[in-house]
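Visitor: A predicted structure for the sequence below; I have some questions about it.
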Amino acid sequence: MPFNQKPQKFNANINTVEIGCGDKAIKLGGECTFPFYTFDAPTENAPKVGVEISDMGLINVPGIQEYYAGAATMAEIAKKAEAMEGADFVCLRLEGGDPNGADKSIEELIAVVKEVGEAVSCPLVVEGCKNVEKDSELLPKVAEALQGKNVLVLSAREEDYKAVGAAAGLAYNQKVGAESAVDINLAKQLNVVTTQLGVKAQDIVMNVGSAAVGYGFEYVVSTMDRIKGAALSQNDNMLQMPIITPVADETWGVKEAMASEEDMPEWGPLEERGISMEVQTAAAVLASGSDAVILRHPKSVATISKMIKELV
Amino acid sequence: MFKVTFKFENGEDVTTFAQEGEILLEVARKTNVAIDAPCSGNASCGKCKVKLVAGEMNSPKTRHISDEEYAEGWRLACVSKLTGDVEVQVPDIASAYRSRMKVADLSSKEEIAIFDQAKSDVEAAGITLKNSLDIIHVTMDEPTLDDTMPDNERLMRAIKRETGVKRVRLPYSALRKISVVFRENHFDVQCIVRRTANDIFVYDVYGRDEKVVIGGLAIDIGTTTVSALLVNMQTGEILGKASAGNGQIRYGADVINRIIESMKPGGSEKLQDAVVNETINPMIEQMCRSCGFSPLHIYRMCIASNTTMNHLLTGMNGDPIRMEPYIPTFYKTNSLFASDIGIRVNPDAHIILAPNIGSYVGGDITAGTLVSMLWNRPEFSLFIDLGTNGELVFGNSDFMMSCACSAGPAFEGGDISCGMRATDGAIEACTIDAETMEPSYSIIGDEGEKPIGLCGSGIIDVISELFRTGIINPKGKFVREGKRVRHDEYGMGSYVLAFEEESGTVKEVEINEVDIDNFIRAKGAIFSAIRTMLVSLDFDISMIDDVYVAGGIGSGINMKNAVRIGMFPDIPLEKFHYIGNSSLSGAYTMLLSKEAEQKCYEIASNMTYLELSTVPSYMDEFVACCFIPHTDTSLFPSVTEQ
């Protein structure tokens, strides 16, 4: 019997969210198929890859140090990140703002944000320090400082969505990242309350949470898979926001990427392990439904962007 | 030794003595001063607040007490150690629980309408309201020097002659009475007996002309509330009705904490004593006094209660109920008498226990199912008992399935900072003006009663109204500002229903985000249980023909509001029926009718039990339900329309 292909047609699309300005602007989402199901319909916008940099400087990984060699200021680092092969956007993480860490002042951080904002012409994503109290003060200031640049602000969470959502989505016309903890219902609930605040659904990008592969990753797969399923097959417009997944943050902190070669000689070279974790996790979240990933290592960025090109 | 004085707003001071370092809550428990401590003294619930009037205690400030409150003298009783003589004020909201036994005024038809309804429902199903208790008249020859048979043999022989039974039994309590009663009445007497085919058991003897009423007692023992009916076993007439907080409440708000408490040395006795001697016996006394009836004339009882409650009542080992694989001592037992557990009625009174189905679906549900009449209809009905545990039964005359979910004590006012039982001073209904955000409410009690707290139906109304008026978002967080909306130092929002000057207690009546969150979990537990059970049967919500809601949540539960917050399925409101305390009305019909009792055993053995914790999708469903009305709004089309 000959193979008779029946395309799986959905009468719904993931929202298209544009980030950045000018000819370097990118579009996230827009698809009406499951991830990489190009045999059902062409993929509207290929998934995007972002490069993560931090206000705390570069991590001590030779390949990363080498790539950014000579870059002394945040502006220079950002320019290098933008120029990375396969990079679609830059993500600035303000981890130094964490009150339990370096506890940098908001003024100090906003200066970094402005410096990076002026240095790059590609789309910019800014991530807070993850502390709810600090972020609810810091992120509105970020949104204000980058007015007109159409950036994505990560993240509004259940605890601070009012402050972050109102500033980024309403007052300063940026895009709002809505972050929840690996649960389809919590993701939808946050989208509902954020839109009730007045933020347009088309201005929201979800970060539904992630994990490094092997670290409870089944939950991540099932959550993303079910979100795409509900968005497309049930036309649930409170789940039709594209998904962005900060991968680097998860993968560079696990023991596979940190245990030294002296301790774990049988595991092989440290840097390769870190890249491997980053690449595997990124590939898996993309296959599960992410519309964008955020990575750190130049090799990971190159590998994943090549994978996307070949699959779309 | 230090002197400890407990002061009350309405009531006399209680004074006791205690050692240095003793915990105030423990001292209160020993002295029978009821301080509400749902978490059983773990400093986690924050409900055992008392106010220092004089003296000092070693009492750390906890997260439940603001700086301002601490300065005013508010302390948590469970963390307060004695360091000297002390006087504390116990606020009304905390003591409202046990105290306030309520003997109902039966002149109002409403009080008994629900029981009349239950009675006529079971009769309509072909069950005769007949029990084995009876009065028989016995005329004996008076003894003479030629007829020297002793009194007891004379009675037994006369009864055998008149009734034709082969065996007559005369217990000690009746034996003691006959000599005097026979002689005062010239051996012409009436006997209260239990008749079976070949056997008569004599409970009591009375003179020929005495007006004799066979008393019976139906009791519902809830985790939070105990209610009882005193009835005439022959006519079914209700002679008295009373309710009170379960005296065990000071040992924990939920069944698990109670079981843990019962496993401590002497714990089983303490818990049995709390429910029997502090709760049931005083209720019997007061009810009997109010209608001039002797407790000794109560010859039979029927008790409906959850599995833990009937185990603690009977002094059984409750520990296996809470431990896997959750096996109780009994589902049903016939061998229990009032004297066994110290209930002060006729010592030979037999206790019928409504049968349990599992460790978490007990006799309160089988009795409730009996009077919901679910088992007698071809249509699919859903029976919901809203208590500290929420229990559901779904089915019809062909099948029945039950499940239990842990809703927590929120429906009865527990876990809510200003929550209370549905008793005097409780706000039972509320509306909020969308523009001014001002509340208007009705309060249980006499006219002019000031609000002290919120009972279950009031909480449903308040949350539904806060949501309707856009003051809270679907997550239960405050999103509108106004005079009555406040935020504490940590940003937690609250809505003030009654400012201090408007309320009937020393504190304001308010509802905060933590309360709302607790309630959303409770309603989420109920609705996710409904969904999970129906989905497991491959049923859709639209296939529910009728919903019967029972429980002590307050009689005026507003179904529209309950649907709006996503607690009950969005089906036409006329399909909802509030059937009151169905556990009590079930016990009432089982007491009056042997056939009803048998039916209840039959229901229990025919019901399938679904253990929700073994259903993988339950947790997911629960998270989806913790949203007003629901994350999947298509399940609540009527709410979305508004």
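Guide: Now that the structure is in, tell me what you want to look at.

Visitor: alpha carbons only for contacts and neighbour counts from here, please
Guide: Noted.

Visitor: which part of chain A gets nearest to chain B, residue-wise?
Guide: residue A:185 (5.2 Å; C-alpha to the nearest C-alpha).

Visitor: who's in contact with that residue?
Guide: Applying C-alpha atoms under 8 Å, 6 or more residues apart in numbering or on different chains to residue A:185 gives the contacts B:620, B:623-624, B:631.

Visitor: that one belongs to a helix?
Guide: Yes. When classified by DSSP: H, G, I helix; E, B strand; the rest coil, residue A:185 is found to be part of a helix.

Visitor: of the contacts of residue A:185, closest to residue B:390?
Guide: The nearest member of those to residue B:390, counting by C-alpha to C-alpha, is residue B:623 at 17.1 Å.

Visitor: tally up the residues packed near the residue of chain B found nearest chain A, please.
Guide: Taking C-alpha to the nearest C-alpha, chain A has its nearest neighbour within chain B at residue B:624, 5.2 Å off. By other C-alpha atoms under 10 Å in any protein chain shown, the residues close to residue B:624 number 23.

Visitor: the helix or strand harbouring it - contacts with which helices or strands?
Guide: Secondary structure assigned from DSSP states H and E places residue B:624 in helix B:618-625. Identification of packing neighbours for helix B:618-625 by 3 or more C-alpha pairs under 8 Å, 6 or more residues apart in numbering or on different chains; DSSP states H and E yields helix A:184-196, helix B:513-536.

Visitor: buried set for the helix or strand just after it?
Guide: Using DSSP H and E, the helix or strand that directly follows helix B:618-625 along the chain is helix B:637-641. Buried residues in helix B:637-641, counted by 16 or more other C-alpha atoms under 10 Å in any protein chain shown: residue B:639.

Visitor: which residues sit against helix B:637-641?
Guide: With contacts defined as C-alpha under 8 Å, 6+ apart, helix B:637-641 is touched by B:563-564, B:570, B:629, B:633-634.

Visitor: so residue A:38 touches residue A:312, yeah?
Guide: Yes. Here residue A:38 reaches residue A:312: they are 6.5 Å apart, a contact under C-alpha atoms under 8 Å.

Visitor: helices of the stretch 101-250 of chain B, start to end?
Guide: Under the criterion DSSP state H, counting those that start in this stretch, helices of the stretch 101-250 of chain B are mapped to B:109-124, B:151-163, B:172-184.

Visitor: now those helices in JSON lines, with mean pLDDT?
Guide: Output for the helices of the stretch 101-250 of chain B, formatted as JSON lines (pLDDT from 0 to 100):
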{"stretch": "helix B:109-124", "mean pLDDT": "87"}
{"stretch": "helix B:151-163", "mean pLDDT": "94"}
{"stretch": "helix B:172-184", "mean pLDDT": "95"}
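
Visitor: now render those as CSV, adding distance to chain A.
Guide: Output for the helices of the stretch 101-250 of chain B, formatted as CSV (distance: least, C-alpha to the nearest C-alpha, whole Å):
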stretch, distance to chain A
helix B:109-124, 40
helix B:151-163, 70
helix B:172-184, 65
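
Visitor: now for those helices, which one comes closest to residue B:583?
Guide: Using C-alpha to C-alpha, the nearest of these to residue B:583 is helix B:109-124, at 10.9 Å.

Visitor: what is the closest one packed up against?
Guide: For helix B:109-124, the packing partners by 3+ C-alpha pairs under 8 Å, 6+ apart are helix B:363-372, helix B:582-592.

Visitor: closest to residue A:80 out of those helices?
Guide: Nearest of the helices and strands packed on helix B:109-124 (C-alpha to C-alpha): helix B:363-372, 69.4 Å.

Visitor: packing partners of the following helix or strand past the closest one?
Guide: For helix B:363-372, the following helix or strand on the C-terminal side (DSSP H and E) is strand B:381-386. Counting contacts by 3+ C-alpha pairs under 8 Å, 6+ apart, strand B:381-386 is packed against helix B:363-372, strand B:390-395, strand B:546-550.

Visitor: strand B:381-386 vs strand B:390-395, what angle?
Guide: 170 degrees (axes from the mean of the first three to the mean of the last three C-alpha atoms, to 10 degrees).

Visitor: ok, back up a step: just put the helices and strands packed on helix B:109-124 in a markdown table and tack on mean neighbour count.
Guide: Shown next, in a markdown table, are the helices and strands packed on helix B:109-124 (neighbours: other C-alpha atoms under 10 Å in any protein chain shown):
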| stretch | mean neighbour count |
| --- | --- |
| helix B:363-372 | 31 |
| helix B:582-592 | 32 |
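
Visitor: distance to residue B:121 for these - can I get that in TSV?
Guide: TSV is the format used below for these (distance: least, C-alpha to C-alpha, whole Å):
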stretch	distance to residue B:121
helix B:363-372	7
helix B:582-592	10
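
Visitor: and residue B:488, how many neighbours?
Guide: 10.

Visitor: can you redo the helices of the stretch 101-250 of chain B as CSV with distance to residue B:296 and mean neighbour count?
Guide: Below are these laid out as CSV (distance: least, C-alpha to C-alpha, whole Å; neighbours: other C-alpha atoms under 10 Å in any protein chain shown):
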stretch, distance to residue B:296, mean neighbour count
helix B:109-124, 24, 16
helix B:151-163, 21, 17
helix B:172-184, 10, 15
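
Visitor: contact residues of chain B facing chain A?
Guide: B:473-475, B:620, B:623-624, B:627, B:631 (C-alpha under 8 Å from any C-alpha of the partner chain).

Visitor: any chance you could list what contacts the host helix or strand of residue B:57?
Guide: Assigned by DSSP H and E, residue B:57 falls within strand B:49-58. Strand B:49-58 is touched from outside by B:72-77, B:80-91, B:94, with contacts defined as C-alpha under 8 Å, 6+ apart.

Visitor: go again using 6 Å as the cut-off
Guide: B:73-76, B:80-83, B:85-90 (C-alpha atoms under 6 Å, 6 or more residues apart in numbering or on different chains).

Visitor: got a list of what the residue of chain B positioned farthest from its centre touches?
Guide: Here the centre of chain B is the reference, and by C-alpha atoms, centre = their mean the most remote residue is residue B:146, at 59.3 Å. Not one residue lies near residue B:146 by C-alpha under 6 Å, 6+ apart.

Visitor: got the helices and strands packed on helix B:109-124 as JSON lines, with mean pLDDT columns?
Guide: Below are those laid out as JSON lines (pLDDT from 0 to 100):
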{"stretch": "helix B:363-372", "mean pLDDT": "95"}
{"stretch": "helix B:582-592", "mean pLDDT": "96"}
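
Visitor: quick one, which of those helices gets closest to residue A:88.
Guide: Proximity to residue A:88 (C-alpha to C-alpha) singles out helix B:363-372 among the helices and strands packed on helix B:109-124, at 61.6 Å.
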